[in-house]
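Participant: Fold the following and give me the result.
(chains A and B)
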Number of protein chains: 2
Amino acid sequence: MLATEELLSISASGQWQEGMKTAITVRDFHPFHTDEPEEMGGTDTAPNPMEYVLGGLCGCTSIMINMIAGEMNFKFSELQVSAAGTIDPRGILGTAEVSPHFQEVKQTIRLKTGETQQRVEELRRQVEKRCPAINLFRDAKIKPQTVWEKN
Amino acid sequence: MLATEELLSISASGQWQEGMKTAITVRDFHPFHTDEPEEMGGTDTAPNPMEYVLGGLCGCTSIMINMIAGEMNFKFSELQVSAAGTIDPRGILGTAEVSPHFQEVKQTIRLKTGETQQRVEELRRQVEKRCPAINLFRDAKIKPQTVWEKN
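Facilitator: Alright, predicted model coming up:
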């Protein structure tokens, strides 16, 4: 189990390859790559970095739902988490004084469960309070619009 | 080239598989997985979500360095970007009123270049102003400690 008396240390490193392509290494896992679509000057061989950030948001939300559902003895059989964001490219290009990251992020959580709506709300409250990735976005004032759908 | 008159839309979706494991899909790329180490209750088959977020930070920094170096006609032959962060697990566990995401993030950029230190500083200034991922962390008040090393 998770030791609570010490900080968790996590890391990643990137080795630039060419153009927009970078190989990312985490621990001793096989490296994954980031690239960009052709309209961004890349070769479109892999997701771009901010897509990995949104993917991390989806994975983190999924883990926290599973973890907190376990604490609550909340039963579910299927779970999908999606996230979509918009970015104003002028921030990246440096042509306007706008944020280079997300203007907004919408997140949709679809749970297949027989639990009551009240229990879904309690799960949601805990997840949104304790999920690292959701709170990274919130603290960056992105105000994610989150929709929880139960079926 | 990047169209500047419209917002970029990016997205990712996660399909929970079992335990702490989720399959993440971005566009039509082959899915990647997020998992957790065994001490977090996972099966340690893939990086965890916040490691992907740090990987996205590394890839995004790498891309912005390459893009802005191109604008500046700044020559470099090698580039490595690493990021390391600490997380207080009590935020995730809900046992203390601390942030569940990063307490701090350290980023190291190693460039092999014959350019002057002044040009490296100009590159750094532009990258730190325009990089989506760096600014997501900054706006979340994580205050990344960034070291640029030139050799």
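
Participant: mind listing the helices for chain A?
Facilitator: A:49-72, A:89-93, A:117-130, A:132-139 (DSSP state H).

Participant: Include distance to chain B and mean pLDDT when you put these into TSV, please.
Facilitator: Bear in mind the C-beta positions are built from the backbone N, C-alpha and C, glycine included. Formatted as TSV, these follow (distance: least, C-beta to the nearest C-beta, whole Å; pLDDT from 0 to 100):
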stretch	distance to chain B	mean pLDDT
helix A:49-72	3	97
helix A:89-93	5	94
helix A:117-130	5	96
helix A:132-139	4	96
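
Participant: Just name the most buried of those helices.
Facilitator: helix A:49-72 (a mean of 26; mean count of other C-beta atoms under 10 Å in any protein chain shown).

Participant: So what angle separates the directions of that helix and helix B:49-72?
Facilitator: Taking axes from the mean of the first three to the mean of the last three C-alpha atoms, to 10 degrees, one finds helix A:49-72 and helix B:49-72 inclined to each other by 170 degrees.

Participant: quick one, what contacts the residue nearest to residue A:92 when sequence neighbours are not counted?
Facilitator: Nearest non-adjacent residue to residue A:92, counting by C-beta to C-beta, 6 or more residues apart in numbering or on different chains: residue A:100, 4.9 Å away. Residues in contact with residue A:100, defined by C-beta atoms under 8 Å, 6 or more residues apart in numbering or on different chains, are A:87-88, A:91-92, B:129-132, B:135.

Participant: can you list the helices of chain A in CSV and add distance to residue B:64?
Facilitator: Compiled in CSV, the helices of chain A are given as follows (distance: least, C-beta to C-beta, whole Å):
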stretch, distance to residue B:64
helix A:49-72, 9
helix A:89-93, 8
helix A:117-130, 30
helix A:132-139, 19
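
Participant: which one of these lies closest to residue B:38?
Facilitator: In terms of C-beta to C-beta, the element of the helices of chain A nearest to residue B:38 is helix A:49-72, at 13.8 Å.

Participant: Just the CA atoms of that closest one, as CSV, please.
Facilitator: Extracted in CSV, the C-alpha atoms of helix A:49-72 (Å, rounded to 0.1, in the frame of the first residue of the first chain):
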residue,chain,number,x,y,z
PRO,A,49,2.4,16.4,-25.8
MET,A,50,-0.8,18.1,-24.8
GLU,A,51,-2.8,15.0,-26.0
TYR,A,52,-0.6,13.0,-23.5
VAL,A,53,-1.5,15.5,-20.8
LEU,A,54,-5.2,15.0,-21.6
GLY,A,55,-4.6,11.2,-21.7
GLY,A,56,-3.0,11.5,-18.3
LEU,A,57,-6.1,13.4,-17.1
CYS,A,58,-8.3,10.6,-18.3
GLY,A,59,-6.1,7.9,-16.8
CYS,A,60,-5.8,9.7,-13.5
THR,A,61,-9.6,10.2,-13.2
SER,A,62,-10.2,6.5,-14.0
ILE,A,63,-7.7,5.4,-11.3
MET,A,64,-9.2,7.7,-8.7
ILE,A,65,-12.8,6.5,-9.5
ASN,A,66,-11.6,2.9,-9.1
MET,A,67,-9.7,3.7,-5.9
ILE,A,68,-12.5,5.7,-4.2
ALA,A,69,-15.2,3.3,-5.5
GLY,A,70,-13.3,0.6,-3.6
GLU,A,71,-13.3,2.6,-0.4
MET,A,72,-17.1,3.2,-0.8
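
Participant: what's the closest non-adjacent residue to the residue sitting nearest the centre point of chain A?
Facilitator: Geometric centre of chain A, nearest residue: residue A:57, 1.1 Å, by C-alpha atoms, centre = their mean. Nearest residue to residue A:57, sequence neighbours excluded (C-beta to C-beta, 6+ apart): residue A:133, at 4.3 Å.
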